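> any chance you can model this:
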Amino acid sequence: MTRLRGLWTLEDRLAGPVREIAFEPPPGTAAVTVRLTYRREAGVLDLGCFGPDGFRGWSGGARSEYTITPTWATPGYLPGEIEPGQWHVLLGLYRVPPEGLPYEVRVICHRRPPAVPRHHPSRNVRTPRDEHREPAATRRDLPGLGGCRWLAGDLHAHTTHSDGTLSVVELASVAADRGLDYLAVTDHNTVSHFPELPIAAGVAGIQLIPGQEVTTDQGHAGVLGDVPWIDFRRPADTWGADTARTPSVMIANHPLAADCSWRHAHIPPVAEVWHWGWWDRTWGAPLAWAQAAGIQVAVGGGDFHRPEEGHPPGTPTTWVLCEEGQVVDAIADGRTAVSAGPGGPLLLRHGDDFLVVDADGLVLWGPDTRTVIRGDRVTLPARPGMHRLETYRNEVMALCT
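Below is the predicted model:
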């Protein structure tokens, strides 16, 4: 066992928020365990791992220990052979007080891989569902357009692979029970959940989109698509280069969210204008930010972590007009709308028209539009720009760009 003790200072954090501690497994090492100890009431240290061949995992501040073996790994980390050469423990200096933060890192190199933990996701095997689920568009009688149909889903959710409490298959089942057609699984700074998505999608009967929430102290970006791990230590304007080889989209997540607000100089054209934390939807700051930032495509994100928080996936719901399997492309093209949930008032840009559903008595607002909606299904000529449905108290109920 290798043991390293030290003290991180506030000056260390300002000089470089992510640090590396090198170690080299001896020949014959079959698995590696890393344990981090520090006073959690005093600060926050993030935890990750790099092997000689690159990224092996990240758990941020959600874990203080991880194990990597050839056949299994702690959620957030990639299983595989323990390559010979220099490895690195990654430490993110997320919260360091002025007096400093003492820490200890222990590296244990196993000759034999430890047994799979009892509650590891690989043990959570479920039988695929047999029941047929009607798509949200069918339930709400939404017309298709040019071979495309409207799908209801959520673009922002977490599992045990970062700081969520549900496994991938558990999360997928919750989203399917909510009546969603698709769900993007976007764990923080990792892609370790990607291999579980196809099986979980089949079990739950829902389309699962691979995603990663690139997480920094200057803001978070949701990158959707089957793209390689994105190095969050690099500038935000370089993250898009990693997505150029496959259908993908980058979203500025919760741009107004206290210390998680978007403060990078680079602003992508797609933004999570409606985050679940927009409780007071008479507060106009998210819309004002989107207008000032020149956002071209507005989406929503439930940012689901755990059931007890009280906002299930699809709070809010992002509707996407797309062909089969083309959700990511449709978002990049701007064929989106956002509502408070899979039911309730809905505003869709449908060809040259607005289709307004279940919004009797609401007001359609736009850059040069003020119209009272009369009826449960109304068609109006569409106009450019972001539009929204509001109550007479100016509470936003739905929007589209």
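
> which ones are touching residue 128?
Each residue near residue 128 by C-beta atoms under 8 Å, 6 or more residues apart in numbering is listed here: 202, 203, 205. C-beta coordinates here come from the backbone N, C-alpha and C atoms, glycine included.

> mind running it again at 6 Å?
Contact analysis of residue 128 by C-beta atoms under 6 Å, 6 or more residues apart in numbering lists 202, 203.

> A strand includes it, no?
No: under DSSP: H, G, I helix; E, B strand; the rest coil, residue 128 falls outside any strand and is assigned coil.

> where's it relative to residue 204, distance?
8 Å (C-beta to C-beta, to the nearest Å).

> same check, this time on residue 104
Counting by C-beta to C-beta - residue 104 and residue 204 are separated by 41 Å.

> of these two, give the one with the bigger neighbour count.
Legend: neighbour count by other C-beta atoms under 10 Å for residue 104 and residue 204, higher for residue 204 (25 against 12).

> beta-bridge partners for residue 21, please?
Note on residue 21: beta-bridge partners residue 89, judged by DSSP bridges.

> would you list every one of the helices in the stretch 301-401 of the chain?
Assigned by DSSP state H, counting those that start in this stretch, the helices in the stretch 301-401 of the chain fall at 327-333.

> actually the chain, not the one I typed
With DSSP state H as the criterion, the chain has helices at 10-15, 136-139, 168-177, 197-204, 285-293, 327-333.

> these into CSV, with extra columns for mean pLDDT and distance to residue 213?
Output for these, formatted as CSV (pLDDT from 0 to 100; distance: least, C-beta to C-beta, whole Å):
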stretch, mean pLDDT, distance to residue 213
helix 10-15, 97, 21
helix 136-139, 92, 24
helix 168-177, 97, 14
helix 197-204, 95, 15
helix 285-293, 97, 18
helix 327-333, 97, 15
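
> so which of those is the most packed in?
Most buried of these, by mean neighbour count (mean count of other C-beta atoms under 10 Å): helix 168-177, with a mean of 23.

> now that helix against helix 197-204, angle please.
When axes from the mean of the first three to the mean of the last three C-alpha atoms, to 10 degrees is applied, the directions of helix 168-177 and helix 197-204 differ by 50 degrees.

> name the surrounding residues that touch helix 168-177.
126, 159, 183, 193, 196, 200, 203, 204, 205, 206, 208, 313.

> so can I have CSV of those showing distance to residue 78?
Output for the contacts of helix 168-177, formatted as CSV (distance: C-beta to C-beta, whole Å):
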residue, distance to residue 78
126, 23
159, 15
183, 22
193, 11
196, 12
200, 18
203, 22
204, 23
205, 27
206, 25
208, 19
313, 25
